[in-house]
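Asker: structure of the sequence below:
(one chain, ligands or ions: 1)
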Amino acid sequence: MDVNEVLDEVLAAAKHHSGQSGGGELAPYLREAVGYDPDSIGIALATVDGDVHGAGAWRDRFSIQSVSKVFTLALALSTSDQVWRQVGREPSGDPFNSFVLLEYENGVPRNPFINAGALAVTDHLLSTLGESSGPVLDLLRAESTSAEVAVDPAITSVEQRHRHRAAALAHVMAEYGTLRQDVDLVLDHYFRQCAITMDCAELALAGLVFARHGARRDGSRLLTASQSKQVNALLLTCGTYDAAGEFAYRVGLPAKSGVSGAILAVVPQRCTVCVWSPRLDAKGNSVAGTAALEAFTSLTGWSVF
Ligand code: GLN
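Answerer: Numbering: from 1, shown residues only. You can find the predicted model right below:
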C-alpha cells in the first residue's frame, strides 16, 4: 500500500465534508485571530521510524489547542503519578468546557482532556516542575525536530480575552483545593499551551511518542510502556470529549482533538496521523478531520480494533 496514495484518497473522501455543504463552523472565538480558509484540509502521517508523508494543507500552521492536553498529561505523568489525585479518568459525557460534573465531584475534573482537567494537570506541573508551558513547548520542539514550534502571542491574547469560562472553572477548582497554584498563573500557562502553533507534519512527529509506547525520538523514555497504554486508553475514551463513543465507533483509534480543527490520532506501534480542517461539529471536533480519519481506518484497516 502506497502511503501517499492512501492520503490522497483519504483527502478526496473527506473533501465533500470540508466545504460548507459538509456543515460545521470555525470556533467563534478564534475567528478574530486566525486568517486561514475555513475549508482548508491537511493530513500528515508519521511512521514510528520517523518518515513523514503529507497531503493538502499539511504544512499550514494552526494552534494546537486541546491537542496540547495529551502532551501536558504525558509530561505530568513522567514527573509523578500523583497527578491522579487532581484529575479523574472517566469520560465526562459533557461538553469540553462544562461545569456540571465539577460541582458534583468535589472539584475534581472527570479526565485530563476536558478544559477543567487540563487546568488541573497544568497546576500539577507548576507544582512539580515550577513550569508548565515551557517544558510542553520544549517537548514538542524536540519530538517534531522543529524550532518553528512556538506560542503565537495573537492567539494567547484571544484566549485571554475570552478567558471567563476557563477562569471560572479554575476558581471553582481552587475553592475545592484541586488547584494549588495561583489561578492566574495556571490560566496563563494553559492558554499558552493552547496557543502553540504547529503544522500537521510536526504534530504527527511529536505524537509518535504515543505510538512508540512512550519512547522518545532519541530512544529515551518519556513514559513507561504501561503509562503509554494508559494515555492511549484515555485518548480513546475521553480524547474527543462527549463524542468519544461516536468517534471510536467511526474511527477506532486513540485521538485528541482541538477547537482549531486539529486531530492527532495514534496507531500504536505503527504510525500517527494528524489531520487539520477548521470547521467543527457541535461537539467541537473537526467535521472533515473526523471523516478523513474514518476513511483512513476503513481503507487501511489500521485501527486498534
Ligand atoms: N482554548 C480552548 C478552550 O480553552 C481549548 C479547548 C479545545 O480545544 N477544545 O476552550
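Asker: the stretch 51-200 of the chain: helices as residue ranges?
Answerer: 68-79, 100-104, 115-129, 133-144, 153-161, 164-176, 183-194, 200-211 (DSSP state H, counting those that start in this stretch).
Asker: count residues in the vicinity of the residue in the stretch 101-250 of the chain that the ligand sits nearest to, would you?
Answerer: Each residue of the stretch 101-250 of the chain has a distance to the ligand, by C-beta to the nearest ligand atom, and the smallest belongs to Cys194, at 3.8 Å. Quick note: C-beta positions are derived from backbone N, CA and C, even for glycine. By the criterion of other C-beta atoms under 10 Å, Cys194 has 28 neighbours.
Asker: do the same with Pro153
Answerer: Neighbour number of Pro153 under other C-beta under 10 Å is 10.
Asker: and the residue of the stretch 101-250 of the chain closest to the ligand, what does it touch?
Answerer: Cys194 makes contacts with Ser63, Ile64, Gln65, Ser66, Ser68, Ile155, Glu159, Gly258, as judged by C-beta atoms under 8 Å, 6 or more residues apart in numbering.
Asker: again, 7 Å this time
Answerer: Listed by C-beta atoms under 7 Å, 6 or more residues apart in numbering, the contact set of Cys194 reads Ser63, Gln65, Ser68, Glu159.
Asker: could you do Ala248 as well?
Answerer: Taking C-beta under 7 Å, 6+ apart as the definition, contacts of Ala248 comprise Leu236.
Asker: which element is it on?
Answerer: Ala248 belongs to helix 244-250 when elements are defined using DSSP states H and E.
Asker: for that helix, buried residues please.
Answerer: Taking 16 or more other C-beta atoms under 10 Å as the basis for neighbour counts, the residues of helix 244-250 that come out buried are Ala244, Phe247, Ala248, Arg250.
Asker: quick check: residues of this structure near the ligand?
Answerer: Counting by C-beta under 6 Å from any ligand atom, the positions of the chain adjacent to the ligand are Gln65, Ser66, Phe96, Asn97, Asn115, Glu159, Ala166, Cys194, Gly258, Val259, Gly284.
Asker: most neighbours, which of those?
Answerer: By neighbour count, taken as other C-beta under 10 Å, the most surrounded of the residues of the chain next to the ligand turns out to be Cys194 (28 neighbours).
Asker: wait, Thr237 touches Ala244, no?
Answerer: Yes. Taking contact to mean C-beta atoms under 7 Å, the distance of 5.7 Å between Thr237 and Ala244 places them in contact.
Asker: tell me, what's touching the two both at once?
Answerer: In the contact map built from C-beta under 7 Å, 6+ apart, the residues linked to both Thr237 and Ala244 are Pro91.
Asker: coming back round to it: of the residues of the chain next to the ligand, which pair is most distant in space?
Answerer: Taking C-beta to C-beta, the two most distant members of the residues of the chain next to the ligand are Glu159 and Gly284; they sit 15.1 Å apart.
Asker: coming back round to it: distance from the helix holding Ala248 to the middle of the chain?
Answerer: 16 Å (C-alpha atoms, centre = their mean, to the nearest Å).
Asker: that helix - what's its average pLDDT?
Answerer: The average pLDDT for helix 244-250 rounds to 97.
Asker: after it, which helix or strand is next?
Answerer: Reading on from helix 244-250 to the C-terminus, the next helix or strand found by DSSP H and E is strand 255-257.
Asker: adjacent strands (with direction) for that following strand?
Answerer: strand 262-267 (antiparallel) (DSSP bridges).
Asker: tell me the gap between stretch 276-291 and the middle of its chain.
Answerer: When distances are taken as C-alpha atoms, centre = their mean, stretch 276-291 is centred 13 Å away from the chain's centroid.
Asker: let the chain start at 45 from now.
Answerer: Sure, I'll start counting at 45 from here, so that last one is stretch 320-335.
Asker: check which helix or strand Leu89 maps to.
Answerer: Secondary structure assignment for Leu89, by DSSP H and E: strand 86-91.
Asker: same for that strand, what does it pack against?
Answerer: In this structure, strand 86-91 packs against helix 47-62, strand 96-100, helix 244-255, strand 315-320, with contacts taken as 3 or more C-beta pairs under 7 Å, 6 or more residues apart in numbering; DSSP states H and E.
Asker: go through the ones you listed and pick out the most buried.
Answerer: strand 315-320 (a mean of 30; mean count of other C-beta atoms under 10 Å).
Asker: tell me what it is packed against?
Answerer: Contacting strand 315-320 under the criterion 3+ C-beta pairs under 7 Å, 6+ apart are the following elements: strand 86-91, helix 244-255, strand 306-311, helix 331-344.
Asker: got the CA positions of the second one in CSV?
Answerer: Taking only C-alpha atoms (Å, rounded to 0.1, in the frame of the first residue of the first chain), the coordinates of helix 244-255 have been written out as CSV:
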residue,chain,number,x,y,z
CYS,A,244,0.3,18.5,10.6
ALA,A,245,3.8,17.1,10.0
GLU,A,246,5.2,18.5,13.2
LEU,A,247,2.3,17.4,15.3
ALA,A,248,2.3,13.9,13.8
LEU,A,249,6.0,13.6,14.6
ALA,A,250,5.5,14.8,18.1
GLY,A,251,2.7,12.3,18.7
LEU,A,252,4.9,9.4,17.8
VAL,A,253,5.9,9.0,21.4
PHE,A,254,2.4,7.6,22.0
ALA,A,255,2.8,5.2,19.0
